[in-house]
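> Make a model of this:
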Amino acid sequence: MRRDYYAVLGIAATAGPREVRRAYQRLARQYSPDVNFWDERARELFEEIAEAFRVLGDPAARQMYDLYGSVARADEALGEGRRGDDAHTVAELTFAEVVRGAQVRLDVQRFSPCAECRATGARDGGRCAACLGRGVRRVVEPVGVSVPAGVDSGAQIRVTGEGNAGPFGGPRGDLIVSTRVAEHPFFQRKGDSVHCEVPISVWEALLGARIRVPTPSGEAVLVVPPGTTGGQVFRLRGQGLPKLTAESTGDLYVTVRLEVPTGLDARTHELVRQLERLMPIETRTALERYRGGAQ
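A predicted model of the protein is given here:
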């Protein structure tokens, strides 16, 4: 059985005459027997390409092929046109939409049945001028898309039956939606894990504290133990993003940033001096051995 002629030329079923001709010329040069002397496979491909162009390059022959092509489904042979190609678009998503999942409406450029000729390709006894006899026209239409929670940039969502309409009343292909997730000013995403940075005071670091911190889905309590140092990372299990491949949630990693007070007045300066005398830093004595340079 011969391959689909549109697949042979590598074009969409809604391609115009110029696209058909250019595809044929490019492939004919590539597989011409004049440059592939001993390649039997190239000769067979060249003959297939020529046959595809003979049919698709002739408007009348192409119309009959679209209606009753040898690779068409049985129900197409009863008068239905061939299936349309998949359409592609991009969904710009916010971080909040990714956390909860969302229903979004996208303006999709796709081929839809021509209203002027009711997808027949003919009007007033001749070829329909609105769709150039193809039965479909390129339009921009809104399409509802369900975005699952946890989706990441670069993912693809397939919406069945929302792609390009096939010529002469053929069924639609699918809509392929590529996702692009905006950066968040506070959270940084790494897969299904989320990272953020939270400031704590010197006193909270010394004494310990319970701090309410934002999470992607709300807030949680971070327990800071006494003696915490700046840059320490705490893990809050299950407070990240939903996982697409499992019914679970990633984790939130909180890095604490030590906030050192500035602008001390005379009284607070003296209090700090007293604290310094009470809590001297002994660990710097180990640096004495390196004061003469690297050893």
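
> next one: phi and psi at the residue nearest to the spatial centre of the chain?
Central residue check for the chain by Cα atoms, centre = their mean: the C-alpha nearest the mean position is that of Thr179, 2.5 Å away. With angles defined as degrees, to the nearest 10, Thr179 sits at phi -100, psi 150.

> for it, what are its contacts?
Val90, Ala91, Leu93, Val147, Val151, Asp152, Ser153, Gly154, Ala155, Gln156, Ile157 (Cβ atoms under 8 Å, 6 or more residues apart in numbering). (C-beta placed from N, C-alpha, C; glycine too.)

> Pull out the buried members of those.
For these, a burial check counting by 16 or more other Cβ atoms under 10 Å picks out Ala91, Leu93, Val147, Val151, Ala155.

> Surely the first one touches Gln156?
No - counting by Cβ atoms under 8 Å, Ala91 does not reach Gln156; the two are 10.1 Å apart.

> Now the common contact residues for the two.
Both Ala91 and Gln156 are in contact with Val177, Ser178, Thr179, where contact means Cβ under 8 Å, 6+ apart.

> from those residues, which is closest to Arg210?
Distance to Arg210, by Cβ to Cβ, is smallest for Thr179 among the shared contacts of Ala91 and Gln156, at 37.0 Å.

> Nearest spatial neighbour of that closest one, chain-adjacent residues omitted?
Ala155 (4.7 Å; Cβ to Cβ, 6 or more residues apart in numbering).

> The one you found touches Ser178, doesn't it?
Yes - taking contact to mean Cβ under 8 Å, the distance of 7.4 Å between Ala155 and Ser178 places them in contact.

> hmm, back to that, just put the shared contacts of Ala91 and Gln156 in a markdown table and tack on pLDDT.
Below are these laid out as a markdown table (pLDDT from 0 to 100):
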| residue | pLDDT |
| --- | --- |
| Val177 | 96 |
| Ser178 | 95 |
| Thr179 | 95 |
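
> which of the residues you listed lies closest to Gly240?
Closest to Gly240, out of all of those and judged by Cβ to Cβ, is Thr179, at 18.0 Å.

> what's the distance between that closest one and Gly230?
When distance is defined by Cβ to Cβ, to the nearest Å, Thr179 is 36 Å away from Gly230.

> Could you do Ser153 as well?
If you measure Ser153 against Gly230 using Cβ to Cβ, the figure is 31 Å.

> do the same with Tyr253
Here Tyr253 is placed at a distance of 15 Å from Gly230 (Cβ to Cβ).

> can you check Leu27 too?
Counting by Cβ to Cβ, the gap between Leu27 and Gly230 amounts to 64 Å.

> Of those two, which one has the most company?
Neighbour tally, Leu27 and Gly230, criterion other Cβ atoms under 10 Å: the higher count belongs to Leu27, 20 against 14.

> Spatially nearest residue to Trp213, not counting backbone neighbours?
Quick fix: residue 213 reads Val, not Trp. Once its chain neighbours are removed from consideration, Val213 has its nearest residue in Leu222; the separation is 4.8 Å (Cβ to Cβ, 6+ apart).

> so which helix or strand takes in that neighbour?
For Leu222, the host element (DSSP states H and E) is strand 218-224.

> Need the mean per-residue confidence for that strand.
In this model, strand 218-224 carries a mean pLDDT of 96.

> can you check stretch 245-259 too?
Looking at stretch 245-259 alone, the average pLDDT works out to 92.

> Give me the contacts around that stretch.
Residues outside stretch 245-259 that contact it (Cβ under 8 Å, 6+ apart) are 191-202, 205, 213, 215-216, 220, 222, 224, 228-243.

> quick one: terminal-to-terminal distance for that stretch?
The first and final residues of stretch 245-259 sit 39 Å from each other (Cα to Cα, to the nearest Å).
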